[in-house]
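Asks: what follows is a predicted structure for the sequence shown.
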Amino acid sequence: MKEIVLVKYGEMALKGLNKKSFEDILTKNIKRRLRRVGKFVCTAAQSTLYITPQEETDLSEVIERVRKVFGIAALCRACVCEKDLGDITEKSIEYLSDILSGAQSFKVAAKRADKSFPMTSPDICRELGAVLLERFPHLKVDVNAPQVTVTVEIRDTNAYVHAENIKGAGGLPVGSSGNALLLLSGGIDSPVAGWMMAKRGIRISAIHYVSPPYTSDRAQLKVEQLCEKLTDWCGGIAFYCVPFTEIQEAIKDHCPEEFFTIIMRRIMIEIALRIAERENCLALITGESVGQVASQTMAAIACTDAVCRMPVLRPLIGMDKTEIIEISRKIDTFDISTLPYEDCCTVFTPRHPKVRPKTEDVEKAQNCFDFEPLIKKAVLETEMKTFNIG
Ligand code: ATP
Ligand code: MG
């Protein structure tokens, strides 16, 4: 029996004239994701992508990988049949034997993309339903809430039969919405923020600030592990690691303590902007959420935004920590994020940070010292690595 994987588009099915370009990006993303699994032909027709293996392949591995590709509403394994009710019936019995044996109720749903097929959809449902009932006499037909829906699709060259429907990752294909630079710490929030924006079709690059010897190599390694994990969903990620020690020491030596964090955040943004502009990113992404910590009050966010020349996307802004943790568990970044290595943000934290800083006060405090040469140097010494899909 020949088996393939059917992929149903999400939102992009509604894209009208642009649909073809979304489809091309999705196809490319799926092919990249399957490169290490085997050889496949991917064809698109009627808001469905057909992934046909060209050699003996573990389809559960295909499902596991494609489940994480954005732009997909649902996917399933399906059995390829002749466009003939006899073949469809015979293969349905064999292909779905386990699942139908274990179920109590079922229904048949038929879709006829090829209208020249001699039977109507209700005819197909009735005839196949009757044979399946005869063959699996313990089953009941339940058209409203069946445990198993046997779907028959009559398409151009073949018919397909399937029963399972796996939920896809949703969203839009990565690469269809331009590029953005994610400020990636080792914490719980920023990987989730990156994942959320990738879900909207944004290709993300990541920037991380390190302050050796105050932060350890292991802290950086942890962030690299997060990048690697994110590639399952986001595709390849360019990773920029910025040496931040001298800047943090200069802030500590020259600025009032109550503004340490906010000035540090403004300089982080300034460096991110320069890298983003150079790398054709149209926005920055952070994991901030209103009120979570002193540097994320509305006033503090206004002070950091004041130096930013491009949009800062903050997908977690209205979320509770518990909601963020739920996603981080789902995308499997939680266990890495909670490893106990320090972040540069926890170096020189003020005892009493200003909770409602005024932008002009922060500017004045920051102007006590000329940071420009240090910023230039940090950008110049930034190291780049690429993480590819595993
Ligand atoms: P996270 O869980 O993402 O670390 P957080 O709750 O710890 O967030 P902060 O430490 O205030 O919050 O950081 C806010 C945001 O600033 C982070 O979500 C991230 O986008 C960015 N950020 C913080 N530290 C770094 C860093 N060392 N490198 C890159 N970005 C950082
Ligand atoms: Mg943090």
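Replies: Noted; the coordinates are in hand. Ligands and ions are numbered 1, 2, ... in the order given.
Asks: get me the contact residues on the chain for ligand 1.
Replies: 183-185, 187-190, 207-209, 286-288, 292-293, 295-296, 343-345 (C-beta under 6 Å from any ligand atom). Every C-beta, even on glycine, is put in place using the N, C-alpha and C of the backbone.
Asks: in ChimeraX, how would I select the buried members of the residues you listed?
Replies: Buried residues among the residues of the chain next to ligand 1 (16 or more other C-beta atoms under 10 Å), as a ChimeraX selection:
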select :183,184,185,187,188,189,190,207,208,209,286,287,288,292,295,296,343,344,345
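Asks: just the residues of the chain next to ligand 1: which are in strands?
Replies: Judged by DSSP state E, the residues of the chain next to ligand 1 include 183, 207, 208, 209 as members of strands.
Asks: skipping adjacent residues, who's closest to the first one in space?
Replies: Okay, so that is residue 183. Spatially, and ignoring its direct neighbours in sequence, residue 183 is nearest to residue 286 (4.9 Å; C-beta to C-beta, 6 or more residues apart in numbering).
Asks: shouldn't the one you found be in contact with residue 190?
Replies: Yes - Residue 286 lies in contact with residue 190 (C-beta atoms under 8 Å); the separation is 6.7 Å.
Asks: identify the contacts common to these two.
Replies: With contacts defined as C-beta atoms under 8 Å, 6 or more residues apart in numbering, the residues shared by residue 286 and residue 190 are 182, 183.
Asks: turn the ones in strands among the residues of the chain next to ligand 1 into CSV, including pLDDT.
Replies: Shown next, in CSV, are those (pLDDT from 0 to 100):
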residue, pLDDT
183, 98
207, 98
208, 98
209, 97
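Asks: what's the nearest residue to residue 184 if we skip its chain neighbours?
Replies: Here the residue nearest residue 184, using C-beta to C-beta, 6+ apart, is residue 206, at 4.1 Å.
Asks: is that neighbour in contact with residue 186, as I believe?
Replies: No - Residue 206 lies out of contact with residue 186 (C-beta under 8 Å); the separation is 11.5 Å.
Asks: overlap in contacts, the two.
Replies: Joint contacts of residue 206 and residue 186 (C-beta under 8 Å, 6+ apart) are residue 223.
Asks: if we can go back for a sec, show me the contacts for the residue nearest to residue 183.
Replies: With contacts defined as C-beta under 8 Å, 6+ apart, the neighbours of residue 286 are 182, 183, 190, 193, 312, 313, 314.
Asks: mind putting those residues in JSON lines, distance to residue 161 included?
Replies: As requested, those are exported to JSON lines (distance: C-beta to C-beta, whole Å):
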{"residue": "182", "distance to residue 161": "42"}
{"residue": "183", "distance to residue 161": "48"}
{"residue": "190", "distance to residue 161": "44"}
{"residue": "193", "distance to residue 161": "41"}
{"residue": "312", "distance to residue 161": "49"}
{"residue": "313", "distance to residue 161": "43"}
{"residue": "314", "distance to residue 161": "46"}
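Asks: ok, which pair from these is furthest apart?
Replies: 190 and 312 (12.5 Å; C-beta to C-beta).
Asks: need the overlap of contacts for the two.
Replies: 285, 286.
Asks: quick check: chain neighbours aside, which residue is closest to residue 147?
Replies: residue 103 (4.3 Å).
Asks: wait, I meant residue 37
Replies: Residue 37 sits nearest to residue 61 (C-beta to C-beta, 6+ apart), 5.3 Å away.
Asks: correct me, but residue 161 touches residue 155?
Replies: No - if you go by C-beta under 8 Å, residue 161 and residue 155 don't touch, sitting 11.7 Å apart.
Asks: please say which of the two ends up with more neighbours.
Replies: residue 161 (24 against 18; other C-beta atoms under 10 Å).
Asks: and that one, that's in a strand?
Replies: Yes - under DSSP: H, G, I helix; E, B strand; the rest coil, residue 161 falls within a strand.
Asks: how close does it get to ligand 2?
Replies: 50 Å (C-beta to the ion, to the nearest Å).
Asks: going along the chain, name the strands of the stretch 1-150 of the chain.
Replies: Applying DSSP state E, counting those that start in this stretch to the stretch 1-150 of the chain gives strands spanning 3-9, 40-45, 48-53, 72-81, 105-112, 140-141, 148-154.
Asks: now do the longest one against strand 3-9, angle only.
Replies: This means strand 72-81. Counting by axes from the mean of the first three to the mean of the last three C-alpha atoms, to 10 degrees, strand 72-81 lies at 150 degrees to strand 3-9.
Asks: now do strand 72-81, average pLDDT.
Replies: Strand 72-81 shows a mean pLDDT of 97 in the predicted model.
Asks: now the residue of the stretch 251-390 of the chain found nearest ligand 1: how far from residue 78?
Replies: As assessed by C-beta to the nearest ligand atom, ligand 1 sits closest to residue 287 within the stretch 251-390 of the chain, at 2.6 Å. Distance from residue 287 to residue 78, counting by C-beta to C-beta, to the nearest Å: 39 Å.
Asks: same check on residue 3?
Replies: Distance from residue 3 to residue 78, by C-beta to C-beta: 7 Å.
Asks: the more surrounded of these two?
Replies: Neighbour totals were compared for residue 3 and residue 78, and residue 78 leads with 23 against 15 (other C-beta under 10 Å).
Asks: can you pull out the helices in the protein?
Replies: Taking DSSP state H as the criterion, the chain carries its helices at 19-34, 59-66, 85-95, 97-101, 121-135, 189-199, 217-234, 245-254, 260-278, 298-305, 321-330, 334-337, 359-366, 372-380.
Asks: can you show me the CA trace of the fourth one as PDB?
Replies: Listed in PDB are the C-alpha atoms of helix 97-101, where the atom choice follows Å, rounded to 0.1, in the frame of the first residue of the first chain:
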ATOM      1  CA  SER A  97      -8.300  -1.900  10.100                       C
ATOM      2  CA  ASP A  98      -6.600  -1.100  13.400                       C
ATOM      3  CA  ILE A  99      -8.200   2.300  14.000                       C
ATOM      4  CA  LEU A 100     -11.700   1.000  13.100                       C
ATOM      5  CA  SER A 101     -11.300  -2.100  15.200                       C
END
